[in-house]
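J.: What follows is a protein structure lacking sequence information:
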Ligand SMILES: Nc1ncnc2c1ncn2[C@@H]1O[C@H](COP(=O)(O)OP(=O)(O)OP(=O)(O)O)[C@@H](O)[C@H]1O
Ligand SMILES: Nc1ccn([C@H]2C[C@H](O)[C@@H](COP(=O)(O)O)O2)c(=O)n1
């Protein structure tokens, strides 16, 4: 997951390949709660691992459920409907799928068995309504106290005493604000059916009905057969008891699939975008996003557990759609609308206003930043296709995973505006951790950036100036890939040593360099399967690399390999000729220097701290020799590019150098 302050997406032109989706959030949290309430052990396969499931797991653990990981399987041993702890404080982040059902289940358990629980979340959770559910629970006779603003979390359920519950009369709940209130009651009320059946009646038009279908199906898997009259009246039969199905599989998230369906529809593809984990047989309502995407022009085929998408009509076709049945996935249509031939109007989406953020307002604001004309109303949004040039925009994500994932699709703008397109900056990309922590990594695996549009930042300079330290920190903060080009010359020198090739023998050295079997795995480096991490960093290896690197044929042989490191979202490259030869078009070139005394001192300390014996005067003279050779060789000498920023860090801390370079970087970006 990218935990950077922002993530810059280069303009993208094509997509194709295979994507494996993480588990569905809605199914995961329902299954966890049901397994936690049931007796016995449930093996949960392919559970989503994300912020929202983590808070549910933490809550179940606090309540006394036993949770054991066994590879990809989670084994949940439930409470069997009996509280094992009578008091707990639960923090539920911004997970509506945890807050609402846990409120209902704990209210019912606390009232009938004596208990007291506090449920809270992040600030936004305390702005998301829960009053209709609270009212329904109070009708039943459950004590529920507002700990903040009435009608919103935080709440306290139960007061420690045992209360007789009024299960004879139907429980009335509003259905037109969030279907999660009804889901919460359906999941909780089997706990109080000992004396007779319990009925729930819905006031107003129920929204997001497909989510109720998921709830009913999962209840059935756990042995609860709900009787119902349409979506107005539901009856939990007398003596309902959760029975673990033993083993349950969580299918891929259909809402998450929408980004890749859209990707296939928008991007020109050599091969389709294949989505695995969810298919046309999905039990999730958001699978019907496929129909909306088809109506806009996508070509979609699919089967059980898979979908394949390619571009059909282009530009996409604008449409007007009632989105009540696909409230989450419908957000993706709002971004697809930018690529359409006419306006797109999404109706009946009032629930967007009470989600992770006010999604109607947020979507309108961010699409406008890209240059779109957007009209919004209490329960609709209308987006005009972009007429003028796209604007490079810094997208605010409002701590809303779907805002980040949807708006990433705006990076395909070269397809509309002609070459070369503009980048899109996603602020706080880690918000995708709510449902799809590896979303951006997955996206980068299947997209192709526009030619020469992946940004590069180069850091060149003499030995021990701190290039490697600076470059790796810059890469970390920007979420970019890192090329330590010196390591390639060092590895060539080690390969030559292994093969008994002289460091002066250009042709066989170039031959070795051209077929280096190098593998980088985190901090470790392997050459032909051998771990060379430690020998690679030896001073003697640096000296050999310096000799190897004077040969033009060796440099040529390593050129293509260095270029291959330039992958989305960007690259920080450190070496001697990154800005002058390998990436002459880099957006920012830094030439880092420090006095030879400082550099020798730093290298000395570096070696001593690693337990390697070192001699300061010797290091200084070796550095001078290396500087001399690297700066005066005939090809690609170590010199600043004409447009490089010079940074003498002799008297600067590492952090000061990083801040200075990030400042220069920001000035070069179009945001
Ligand atoms: N600005 C700085 N102030 C103090 N120490 C620094 C600074 N920058 C780097 N160092 C230290 O100097 C040592 C050498 O840095 P580093 O290995 O990054 O240099 P380099 O230029 O990549 O070297 P080489 O060319 O040999 O690969 C490290 O121990 C690092 O922590
Ligand atoms: N782009 C590069 C990178 C490195 N070299 C040579 C010259 C250096 O002395 C040697 C080792 O580099 P280091 O790991 O110390 O950065 O490799 C080069 O010529 N061009």
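T.: Here it is on my side, so go on. Since we're looking at a predicted model, the values are computed, not measured. Ligands and ions are numbered 1, 2, ... in the order given.

J.: ok, how many other residues are close to the residue nearest to residue 400 when sequence neighbours are not counted?
T.: Counting by C-beta to C-beta, 6 or more residues apart in numbering, residue 400 lies nearest to residue 356, which is 4.0 Å off, once chain neighbours are set aside. C-beta coordinates here come from the backbone N, C-alpha and C atoms, glycine included. Neighbouring residues of residue 356 were enumerated by other C-beta atoms under 10 Å; the total is 23.

J.: Repeat that for residue 182.
T.: When neighbours are defined as other C-beta under 10 Å, residue 182 has 28 of them.

J.: before we move on, what about the one 3 residues further on?
T.: For residue 185, the number of neighbouring residues by other C-beta under 10 Å comes to 26.

J.: Check residue 539 too.
T.: The tally of other residues near residue 539 (other C-beta under 10 Å) stands at 19.

J.: Give me the distance between it and residue 599.
T.: Residue 539 sits 12 Å away from residue 599, going by C-beta to C-beta, to the nearest Å.

J.: thinking again about what came up before, my guess is the residue nearest to residue 400 contacts residue 397, does it?
T.: No. Between residue 356 and residue 397 no contact is recorded; they are 9.6 Å apart, counting by C-beta atoms under 8 Å.

J.: what touches both of the two?
T.: For the pair residue 356 and residue 397, residues contacting each of them under the criterion C-beta atoms under 8 Å, 6 or more residues apart in numbering are residue 403.

J.: For the helix or strand where residue 210 lies, give the mean pLDDT please.
T.: Secondary structure assignment for residue 210, by DSSP states H and E: helix 209-221. When the per-residue pLDDT values of helix 209-221 are averaged, the result is 94.

J.: list the buried ones in that helix?
T.: Judged by neighbour count using 16 or more other C-beta atoms under 10 Å, the buried positions of helix 209-221 are 209, 210, 211, 212, 214, 215, 216, 218, 219, 221.

J.: ok so, going back, please report phi then psi for the residue nearest to residue 400.
T.: With angles defined as degrees, to the nearest 10, residue 356 sits at phi -50, psi -30.

J.: In contact with it, which residues?
T.: 94, 124, 398, 399, 400, 401, 402, 403, 434.

J.: what's the closest of the residues you listed to residue 72?
T.: Minimum distance to residue 72 across those is 20.7 Å, recorded for residue 434 (C-beta to C-beta).

J.: does the closest one really touch residue 54, like I thought?
T.: No. With contact defined as C-beta under 8 Å, residue 434 and residue 54 do not form a contacting pair (9.9 Å).

J.: Which one's more surrounded, the two?
T.: Remark: of residue 434 and residue 54, residue 434 carries more neighbours, 24 against 16, as counted by other C-beta under 10 Å.

J.: Any idea how many residues pack against residue 169?
T.: Quick note: residue 169 (other C-beta under 10 Å) scores 11 neighbours.

J.: Distance-wise, check residue 571 relative to ligand 1.
T.: For residue 571, the distance to ligand 1 equals 16 Å [C-beta to the nearest ligand atom, to the nearest Å].

J.: For that residue, grab phi and psi.
T.: Residue 571 has phi and psi values of phi -140, psi 140 when expressed as degrees, to the nearest 10.

J.: close enough to count as contact, it and residue 479?
T.: No. Applying C-beta under 8 Å as the test, residue 571 and residue 479 come out as separate, 11.1 Å apart.

J.: in the stretch 501-650 of the chain, what residue is nearest ligand 2?
T.: Each residue of the stretch 501-650 of the chain has a distance to ligand 2, by C-beta to the nearest ligand atom, and the smallest belongs to residue 575, at 2.5 Å.

J.: hang on, residue 381 in a strand?
T.: Yes. Inclusion of residue 381 in a strand is indicated when DSSP: H, G, I helix; E, B strand; the rest coil is applied.

J.: So for it, what's the pLDDT?
T.: 98.

J.: and it, what is it in contact with?
T.: Remark: with contacts taken as C-beta under 8 Å, 6+ apart, residue 381 is in contact with 334, 345, 346, 349, 352, 360, 363, 364, 374, 375.

J.: And for residue 65?
T.: Residue 65 sits next to 35, 36, 76, 77, 78, 79 when contact means C-beta under 8 Å, 6+ apart.

J.: again, but for residue 115
T.: Contact criterion C-beta under 8 Å, 6+ apart gives 83, 85, 86, 87, 106, 109, 158, 160 as the residues in contact with residue 115.

J.: filter the contacts of residue 381 to the buried ones?
T.: The neighbour-count test (16+ other C-beta under 10 Å) marks 334, 345, 346, 349, 352, 360, 363, 364, 374 as buried among these.

J.: Among those residues, name the ones that also lie close to ligand 2.
T.: Restricting these to those near ligand 2 by C-beta under 6 Å from any ligand atom leaves nothing, as none qualifies.

J.: Look at the nearest residue to residue 344 once chain neighbours are set aside and give its secondary structure.
T.: Of all residues not flanking residue 344 in the chain, residue 337 sits nearest, at 3.5 Å (C-beta to C-beta, 6+ apart). For residue 337, the secondary-structure state derived from three-state DSSP is helix.

J.: quick one: contacts for residue 337?
T.: If a contact means C-beta under 8 Å, 6+ apart, then residue 337 has 316, 318, 343, 344, 372, 383, 384, 385 as its contacts.

J.: Which of the residues you listed fall within strands?
T.: 344, 383 (DSSP state E).

J.: Closest to ligand 1 out of the contacts of residue 337?
T.: Within the contacts of residue 337, proximity to ligand 1 (C-beta to the nearest ligand atom) peaks at residue 372, which comes in at 44.3 Å.

J.: residue boundaries of the helices in the stretch 451-600 of the chain?
T.: Secondary structure of the stretch 451-600 of the chain (DSSP state H, counting those that start in this stretch): helices located at 467-478, 485-499, 506-514, 533-536, 539-548, 552-563, 596-609.

J.: got CSV for these, with distance to ligand 2 and mean pLDDT too?
T.: Compiled in CSV, those are given as follows (distance: least, C-beta to the nearest ligand atom, whole Å; pLDDT from 0 to 100):
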stretch, distance to ligand 2, mean pLDDT
helix 467-478, 6, 97
helix 485-499, 2, 97
helix 506-514, 12, 97
helix 533-536, 8, 95
helix 539-548, 3, 94
helix 552-563, 7, 97
helix 596-609, 10, 94
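
J.: Would you mind listing the outside residues contacting the worst-scoring helix or strand of the chain on mean pLDDT?
T.: Of all helical and strand segments in the chain, the minimum by mean pLDDT, DSSP states H and E falls on helix 414-417, at a mean of 78. Helix 414-417 is touched from outside by 11-13, 266-268, 315, 338-339, 386, 389-390, 420-421, 450, with contacts defined as C-beta under 8 Å, 6+ apart.

J.: strands paired with the helix or strand following that helix, and their directions?
T.: For helix 414-417, the following helix or strand on the C-terminal side (DSSP H and E) is strand 424-427. According to DSSP bridges, strand 424-427 has the following sheet partners: strand 6-9 (antiparallel), strand 393-395 (parallel).

J.: can you tell which of these is closest to residue 631?
T.: The nearest among the strands paired with strand 424-427, by C-beta to C-beta, is strand 6-9 at 33.2 Å.

J.: now that closest one: mean pLDDT?
T.: In this model, strand 6-9 carries a mean pLDDT of 98.

J.: gap between it and the chain center?
T.: On the basis of C-alpha atoms, centre = their mean, to the nearest Å, strand 6-9 is displaced by 12 Å from the centre of the chain it belongs to.

J.: what sits up against that strand?
T.: Looking at strand 6-9 with C-beta under 8 Å, 6+ apart, the contacting residues turn out to be 394, 408, 411, 423-429, 440, 455, 478-479, 568-570, 669.

J.: Let's see that with 10 Å instead.
T.: Strand 6-9 is touched from outside by 392, 394-395, 397, 404, 407-412, 423-430, 432, 440, 443-444, 447, 449, 454-455, 477-480, 568-570, 665-666, 669-671, with contacts defined as C-beta atoms under 10 Å, 6 or more residues apart in numbering.

J.: Strands - which of those residues land there?
T.: Per DSSP E, strands hold the following members of the contacts of strand 6-9: 394, 395, 424, 425, 426, 427, 447, 449.
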